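Novice: would you be able to build a 3D model of this:
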Amino acid sequence: MAVVYSENAQHRANLLAAEQTRAIAYAAAGNSQAAIKAADVAFAKSALASAKANGCGVEQWQTMLKELGLTGA
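Specialist: Next comes the predicted model:
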């Protein structure tokens with residue numbers, strides 16, 4: 001489980017919820033790399049949306065999406 005801290009309480013709560021969802025998806029994915037990547041993409045998109053909505057930094061989430069192969073993130 002990743003730990004990302006934000007001073008913004010709403011963003012912090014959103015990140016925790018997204019990370020919990022990702023952890024559940026990882027457990028269900030078994031060894032499926034496609035399912036794990038999908039969980040990572042969903043997490044990064046959720047974190048990016050929350051960062052934008054809450055006026056927090058977006059760079060790390062855009063970078064994560066680019067590293068996962070999504071261009072224009």
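
Novice: show me where the chain has its helices.
Specialist: 9-29, 33-53, 59-67 (DSSP state H).

Novice: hey, which of the ones you listed is tucked in deepest?
Specialist: When you average the neighbours per residue for each of the helices of the chain (mean count of other CB atoms under 10 Å), helix 33-53 leads with a mean of 17. C-beta here means a position set from N, CA and C on the backbone, and glycine is covered the same way.

Novice: export it as CSV, just CAs?
Specialist: Taking C-alpha atoms only, helix 33-53 is exported to CSV below (Å, rounded to 0.1, in the frame of the first residue of the first chain):
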residue,chain,number,x,y,z
GLN,A,33,-0.3,-8.1,-15.1
ALA,A,34,-3.1,-6.6,-17.2
ALA,A,35,-5.4,-6.4,-14.1
ILE,A,36,-2.6,-4.9,-12.0
LYS,A,37,-1.9,-2.3,-14.6
ALA,A,38,-5.6,-1.5,-14.9
ALA,A,39,-5.7,-1.0,-11.1
ASP,A,40,-2.7,1.3,-11.2
VAL,A,41,-4.3,3.3,-14.0
ALA,A,42,-7.6,3.7,-12.2
PHE,A,43,-5.7,4.8,-9.0
ALA,A,44,-3.6,7.4,-10.9
LYS,A,45,-6.7,8.8,-12.7
SER,A,46,-8.6,9.0,-9.4
ALA,A,47,-5.7,10.7,-7.7
LEU,A,48,-5.2,13.1,-10.6
ALA,A,49,-8.9,14.0,-10.6
SER,A,50,-8.8,14.6,-6.8
ALA,A,51,-5.7,16.7,-7.1
LYS,A,52,-7.3,18.9,-9.7
ALA,A,53,-10.5,19.3,-7.8
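
Novice: now the angle between helix 59-67 and it, please.
Specialist: 150 degrees (axes from the mean of the first three to the mean of the last three CA atoms, to 10 degrees).

Novice: can you give the contact residues for helix 33-53?
Specialist: 4, 10-11, 14-15, 17-19, 21-22, 25-26, 28-29, 56-58, 61-62, 64-65, 68, 70, 73 (CB atoms under 8 Å, 6 or more residues apart in numbering).
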